[in-house]
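Enquirer: Fold the stuff below for me.
(2 chains)
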Amino acid sequence: MSKPVVKVTRPGYSYPQSDLRNYSFNSDYNSPEIFAYKYNASGEISYNHNKGLRFQIINMRKLNSTDWAHGMRDISWGTYADDTVYINENNLSVLLPRDNTGTEIDNGCGVFVLTESLEVDTDKLEISLNPKFVVKDSGAGLDDNLLTSNIDTRGDTFKVYRNGDLSISASSVTLSPGNSNTQTTSYAHNLGYPPFFTPFVPYKTDLNTIGLSPIPSTISVNDFEDLNIESGGDAIPNGEVVYVYVDSTYVYLKFIRTNNDLSSKTFPARTINLNYTIFYNALNEDFDLTN
Amino acid sequence: MSNKPVIKAARSGYDVETADEKYLTLDSSKNTLKQYQEYTGTLSNTTSSGSDYDTINHALGYQPMVLAYVDIGQDGIYTRVPLLRETAGSIFSDPTFTHVYIKRPDSNNIRIYLDTESRSYTARDLDADYKVYVYLDPKEDIWYE
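Expert: Numbers count the residues shown, from 1 in each chain, chains lettered A, B, ... in the order given. Below you'll find the predicted structure:
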C-alpha cells in the first residue's frame, strides 16, 4: 500500500518548494515528536516508562524558582555533574548537577521524551486509537504505534515561536580584587511560561576554560554547543563567564567578569553574540500522551 | 477568497478551537522542527591512540541543530552528548576521563569525538556506539509566524 504524503508549505510560499525549510511540515522527513515531558520542580527524575525502548531525550535544568537552562555540564571550575542522564530500555533518569563538594546546585529538572527510539525502527510505542482527529502519514492506516510514521498528531512537536539575536558589547574594564562587572541583555518572549529554546549551550561558560587561546574579542555563544568539556576542578576561573537561560518572560544573555586575582586586573573589551530560537513547548508542565 | 486553510491538531484532552498554541501538536501555520538525517556509528579508542572521531557530512551549508547520544562501552545505556565521565583513581592509578563531544569543522560537516585519558594522559581501550540526529532548523534563515 502506498504511503500518503502530508506537506504544508510555509505561509506565503507556494507548493512545491525546493528548500525543505520552506515547509511547515513535510512527511518526507521525520518531525521529532514528544510523547512525554517529565518535570520535577524540586528534585531528580526517574521515569519508569517500561516500554522496552531507549528513547531520545532532551533534558533541562530548573536552576531555581524561575530560571531554566539546558541540561549540560557547566563549563566552569568547581561545577560538574558527570553524566546527568541515563537512558535504558525501560527507564530514564535525569540527575541534578552537583558542585565539587557533591552538593546539588539546582532546584529541579525536566526532560522531553521523544518518540524516536535509539534502536531499530520496527519497535512499537503504543498510543490510543480513540482520538477524534489524527493526521498521520501511514500506508497502513491508523494504528496504535507512534513509531510507524514521520507525522502523527497524537505526538507533540517542536514548533518555532521566535528567533533572534542578543548581543553584549562589554567595554574594557579595570576591576579591583574581588569585584565584578555584570552586563545583561534579554528578549521578552512574554509567553507566560518558561519555553524550550536553543542553542544547546550550558547555563554558564567560563571563557578561560574552553580552549580559546587567545580568547577572541568577539564571541559567538552558539559555538559553545561544540565544546570539549574540561573536567571540573582543574582550572581556576579567571572570571569571564557567559550565562544563557530563560524564565517565563525572557531569554537572557549575561556576561560577568570577576577579578579573582590579588591585584587590580584589566579585562579587555568583548562582544558576546547569541542567536536564540524559542519554541512554544513549555518546560514547567508534565504530560504523557501515551497514558 | 484570501483565507488560507490551516491544519491543526490538539493534544489529547484539548479543544483545537480554544487551546493555547503550546497544546497544539500540529499547526501548519508554524514552523515545525524537522529531522534531516540520522547517523550511527562506533568510535574506538585504543591505548595507543586515545582519541577517535567520525566525520558526518550533512552538506547543508550551514550549522544545523544537532542531537547526539552515545553508549559508552556498548552496555546498552545511552547518555546525551556532550558528556564527561570521570572514573575515580586510586593510590595505584590516576582517575580517567571519557569525553564525547561534537565539533563542526565547517558548514557542511560535523565530527563526533571520543577521547579517553587519565591525568597522566594514558589512553585506554574503549568503544562507544553513537547516534547523531541533524535537523533542518533552527538556524540559517529560520522562519516563524
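
Enquirer: going forward, measure contacts between C-alpha atoms and count neighbours the same way
Expert: Noted.

Enquirer: next helix or strand past the helix or strand harbouring residue B:41?
Expert: Per DSSP states H and E: residue B:41 is located in strand B:35-45. Moving toward the C-terminus from strand B:35-45, the next helix or strand (DSSP H and E) is strand B:51-57.

Enquirer: And chain A, is that next one touching that?
Expert: No: using C-alpha under 8 Å from any C-alpha of the partner chain, strand B:51-57 stays clear of chain A, coming no nearer than 12.3 Å.

Enquirer: name the helices or strands packed onto the next helix or strand after that strand?
Expert: On the C-terminal side of strand B:51-57, the closest following helix or strand by DSSP H and E is strand B:65-72. If you count contacts as 3 or more C-alpha pairs under 8 Å, 6 or more residues apart in numbering or on different chains; DSSP states H and E, strand B:65-72 packs onto strand B:79-80, strand B:126-135.

Enquirer: Partner strands of the last one and their direction?
Expert: I take that to be strand B:126-135. strand B:35-45 (antiparallel), strand B:65-72 (antiparallel) (DSSP bridges).

Enquirer: any idea which of those is most buried?
Expert: Across the strands paired with strand B:126-135, averaging neighbours per residue (mean count of other C-alpha atoms under 10 Å in any protein chain shown) puts strand B:65-72 on top, at a mean of 23.

Enquirer: could you dump the strands paired with strand B:126-135 to TSV with mean pLDDT?
Expert: Below are those laid out as TSV (pLDDT from 0 to 100):
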stretch	mean pLDDT
strand B:35-45	91
strand B:65-72	90
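
Enquirer: Quick one: residues in contact with stretch B:33-44.
Expert: A:25-26, A:29-32, A:157-160, B:51-54, B:56, B:58, B:113-114, B:125-138 (C-alpha atoms under 8 Å, 6 or more residues apart in numbering or on different chains).

Enquirer: Return the residues of the stretch 1-150 of chain A in contact with chain B.
Expert: Checking the stretch 1-150 of chain A against chain B by C-alpha under 8 Å from any C-alpha, the hits are A:8-11, A:20-21, A:23-26, A:29-32, A:54, A:56-57, A:72-73, A:82-83, A:85-88, A:118, A:131, A:133-135.

Enquirer: Swap in 6 Å and give it another go.
Expert: Residues of the stretch 1-150 of chain A lying close to chain B (C-alpha under 6 Å from any C-alpha of the partner chain) are A:24, A:25, A:30, A:31, A:82, A:85, A:86, A:87, A:88.

Enquirer: now, which of the residues you listed lie within strands?
Expert: A:24, A:25, A:85, A:86, A:87 (DSSP state E).

Enquirer: So the fourth one is in contact with residue A:95, correct?
Expert: So the one you mean is residue A:86. No: judged on C-alpha atoms under 6 Å, residue A:86 makes no contact with residue A:95 at a distance of 8.6 Å.

Enquirer: Comparing the two, which residue is more hemmed in?
Expert: For residue A:86 versus residue A:95, neighbours defined as other C-alpha atoms under 10 Å in any protein chain shown are more numerous around residue A:95 (23 against 18).

Enquirer: ok, the more buried one to residue A:47 distance?
Expert: 11 Å (C-alpha to C-alpha, to the nearest Å).

Enquirer: ok, now residue A:63?
Expert: 20 Å.

Enquirer: neighbour-wise, which of the two wins?
Expert: Using other C-alpha under 10 Å as the criterion, residue A:63 and residue A:47 rank with residue A:63 on top: 22 against 15.

Enquirer: Could you find the closest non-adjacent residue to that one?
Expert: residue A:106 (4.6 Å; C-alpha to C-alpha, 6 or more residues apart in numbering or on different chains).
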